[in-house]
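# Need coordinates for the below:
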Amino acid sequence: MIKIYHNPRCSKSRQAVELLEKTGKEFEIIKYLEAKFTRESLMEVVQFLNIAPIELVRKNEKIWKENFKGTPMSDPEIVSAMVNNPKLIERPIVIHKNKAVIGRPTSDILSII
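Sure, this is the predicted structure:
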């Protein structure tokens, strides 16, 4: 089943849900700010995305700028920062059959569903 890690306050995330609804395919919405990631689940998403953890970080977030920017961090430390501060995670993330994309632009979602 298709999963979307969604933040209802984000316009791109809402657009991604609309796109998935239009496909008529069944999908699950996970509000990741409420149902928080574990280190293991976030690492799995990073692996499905086939990116380095730093590429999943929203670097313009105040939390990042004030607490982490310019600080040398290992991949596990970056993952911990995102788990402890889920606002740092790029959105939306769509997963289907062990593949994932960050839905920016929204049309990228079509490449995996």
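
# all contacts plus neighbour counts: C-alpha atoms, from now on.
Noted.

# residues in contact with the longest helix along the chain?
For the chain, the longest helix by residue count, based on DSSP state H, is helix 11-23. For helix 11-23, the external contacting residues (C-alpha atoms under 8 Å, 6 or more residues apart in numbering) are Ile4, His6, Asn7, Pro8, Phe27, Arg91, Pro92, Gly103, Arg104, Pro105, Thr106, Ile109.

# Buried ones among those?
Among those, the ones that count as buried by 16 or more other C-alpha atoms under 10 Å are Ile4, His6, Asn7, Phe27, Arg91, Pro92, Gly103, Arg104, Thr106, Ile109.

# Let's see which of those residues end up in strands.
Within those, residues falling in strands by DSSP state E are Ile4, His6, Phe27.

# mind putting these in JSON lines, distance to Val46 and pLDDT included?
Shown next, in JSON lines, are these (distance: C-alpha to C-alpha, whole Å; pLDDT from 0 to 100):
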{"residue": "Ile4", "distance to Val46": "14", "pLDDT": "98"}
{"residue": "His6", "distance to Val46": "16", "pLDDT": "96"}
{"residue": "Phe27", "distance to Val46": "20", "pLDDT": "98"}
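
# quick one: low-confidence parts of the chain?
In the prediction, the chain carries no residues with pLDDT under 70.

# Show me where it has its helices.
Taking DSSP H as the test, the helices found in the chain are 11-23, 39-49, 62-67, 75-84.
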